[in-house]
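Student: Kindly generate the corresponding structure for this input.
(one chain, ligands or ions: 1)
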Amino acid sequence: MKFNTVIIGGGLASLVAGITLEKAGKSTAIISTGQNALHFFSGSFESMEEAPQRVTDLFAEAGIQLHYNPGVRLMPMGTFRKSTLSLEDISIFPEPAIGHKALIVSFAGYHDFFCQFLAEGLQKHGVQCSIKLLNLPELEALEQSPSEMRSVQIARTMDRIWENVVREIRILLRDEDTVILPQVFGLKDTSVLSRIRQGVPAQVVFTGTLPPSVPGIRTQMLLKRRYELLGGIYLMGDEATGAHVHEGKIHSIVTHNLGNHFLEAENFILATGAYFSKGLRSNPFEICEPVFGLDVEQAAERSDWYNPEFMREQPYMKYGVATDATLHALKGGEPLRNLYAIGSILGETRPELGTGGGLAIRSALAVADQILKPTEE
Ligand SMILES: Cc1cc2nc3c(=O)[nH]c(=O)nc-3n(C[C@H](O)[C@H](O)[C@H](O)COP(=O)(O)OP(=O)(O)OC[C@H]3O[C@@H](n4cnc5c(N)ncnc54)[C@H](O)[C@@H]3O)c2cc1C
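Tutor: Residues are numbered from 1 along each chain as shown. Purely as a prediction, here's the structure:
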């Protein structure tokens with residue numbers, strides 16, 4: 001199997017690069033072992049101090065509406081955090097204040113939304129809170145087994161019965177100016193979010209739950225669908241285990257499922273994430289990149305990897321694969337001529353590209369542009 005570009009990793013960075021290349025007519029394949037950081041996504045992209053039209057268009061074409069609105073968002077514990085570019089689920093406030101009286105609504109038997117902590121946190125910001133748990137017959141089947149009462153399972157039901165929730169809230173609402181709901185709406189149909197906002201005669205704020213994140217899973221599904229509709233091949237549940245390298249260039253990738261059928265390409269992009277997704281691994285002696293054995297920027301002494309004060313910033317979180325100016329990955333100090341690294345596997349080795357979601361998007365677009373640049377030969 002031969003492609004213009006093979007991308008290893010199935011998260012945000014990989015999908016942004018894959019969509020950009022497919023749109024430009026390049027044949028691509030994505031190999032992904034599975035879960036990625038989007039499944040834990042808050043709904044706000046870190047380090048996006050601006051929102052280029054190109055980025056909002058890319059997401060809009062996938063059915064994801066982003067809004068750029070610098071301010072703060074409400075966190076699950078009733079605190080506030082700075083936010084800029086966000087999904088439509090996320091309400092942004094100019095300052096850490098949401099109103100005077102809030103009704104926090106959740107569901108009987110659902111333990112992944114911390115109403116009490118949320119109320120206590122908001123009370124410190126002068127918001128008077130009351131909590132109501134809805135007993136919905138449609139959730140009874142899930143309630144039989146506590147392991148089923150998870151955000152995504154509830155979200156599947158909510159896509160059908162959100163109007164019942166709106167009706168219940170209208171009955172409960174007294175003089176509250178704000179209604180706070182867990183982020184368990186609009187898994188498949190995002191119009192549900194605005195319809196709930198229209199149906200409730202108060203400000204509605206959707207707030208984070210324990211993972212998996214419903215807005216994150218929706219984002220992953222929509223980006224993946226857009227990529228596949230453009231013609232991309234997404235090899236779900238496979239793992240890149242090694243590569244054939246010849247004279248400083250990758251020739252092909254070996255994967256667990258394809259065995260002797262190697263994936264050949266002109267370009268390769270490594271987007272396997274950091275420790276969380278196993279794009280970086282550590283042992284007592286070093287931090288390494290397991291697919292190609294690339295150079296990883298790290299302190300030589302293990303004692304310098306971490307700060308013994310657990311809650312402090314940890315140096316190892318900044319380590320990442322070493323790259324040259326054009327994001328070609330380095331091995332033995334030399335760039336591999338057709339292998340690029342993007343996303344969180346870069347750690348904070350390229351501060352000019354930002355962190356988190358901002359790093360994933362910027363590095364993915366930068367590498368896609370490199371690949372699409374006409375060659376001078
Ligand atoms: C728990 C968590 C929550 C976060 N929340 C936010 C947030 O709210 N906002 C924000 O801006 N940033 C957040 N981040 C930062 C996040 O890392 C980036 O936003 C971004 O999603 C990273 O995307 P990525 O594609 O680089 O890596 P990842 O999302 O980690 O994806 C890497 C992918 O590579 C796959 N993979 C790994 N090894 C192989 C292999 N050998 N073969 C094939 N596939 C492989 C993994 O299965 C995974 O699919 C969060 C990070 C974590 C860990």
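
Student: only C-alpha atoms for contact and neighbour calcs from this point on.
Tutor: Noted.

Student: name the element M158 belongs to?
Tutor: Per DSSP states H and E: M158 is located in helix 151-172.

Student: Okay, buried residues for that helix please.
Tutor: Buried positions in helix 151-172, judged by neighbour count with 16 or more other C-alpha atoms under 10 Å: 151-159, 162, 165-166, 168-169.

Student: if we take the residues you listed, which one ends up nearest to H328?
Tutor: Ranked by distance to H328 (C-alpha to C-alpha), the buried residues of helix 151-172 are led by V152 at 37.7 Å.

Student: okay, now the domains of the chain?
Tutor: For the chain, the structural domains run 2-41+218-372, 64-209, going by automatic domain parsing.

Student: contacting residues for the closest residue in space to K2 that isn't next to it in sequence?
Tutor: Setting aside the residues directly before and after it, K2 is nearest to E264 in space (C-alpha to C-alpha, 6 or more residues apart in numbering), at 4.6 Å. Each residue near E264 by C-alpha atoms under 8 Å, 6 or more residues apart in numbering is listed here: 1-3, 6, 251-253.

Student: In strands, which of the residues you listed fall?
Tutor: 2-3, 6, 251-253 (DSSP state E).

Student: can you pull out the helices in the stretch 101-250 of the chain?
Tutor: Taking DSSP state H, counting those that start in this stretch as the test, the helices found in the stretch 101-250 of the chain are 115-123, 140-143, 151-172, 191-199, 214-229.

Student: Of all those, which one is nearest the ligand?
Tutor: helix 214-229 (8.4 Å; C-alpha to the nearest ligand atom).

Student: For the closest one, which helices and strands make contact with it?
Tutor: helix 12-23, helix 151-172 (3 or more C-alpha pairs under 8 Å, 6 or more residues apart in numbering; DSSP states H and E).

Student: who does the last one touch, helix- and strand-wise?
Tutor: When you say that, I think you mean helix 151-172. Using 3+ C-alpha pairs under 8 Å, 6+ apart, helix 151-172 is in contact with helix 191-199, helix 214-229.

Student: what would the ones you listed look like in JSON lines with mean neighbour count, distance to the ligand and mean pLDDT?
Tutor: Below are the helices and strands packed on helix 151-172 laid out as JSON lines (neighbours: other C-alpha atoms under 10 Å; distance: least, C-alpha to the nearest ligand atom, whole Å; pLDDT from 0 to 100):
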{"stretch": "helix 191-199", "mean neighbour count": "16", "distance to the ligand": "19", "mean pLDDT": "96"}
{"stretch": "helix 214-229", "mean neighbour count": "22", "distance to the ligand": "8", "mean pLDDT": "98"}
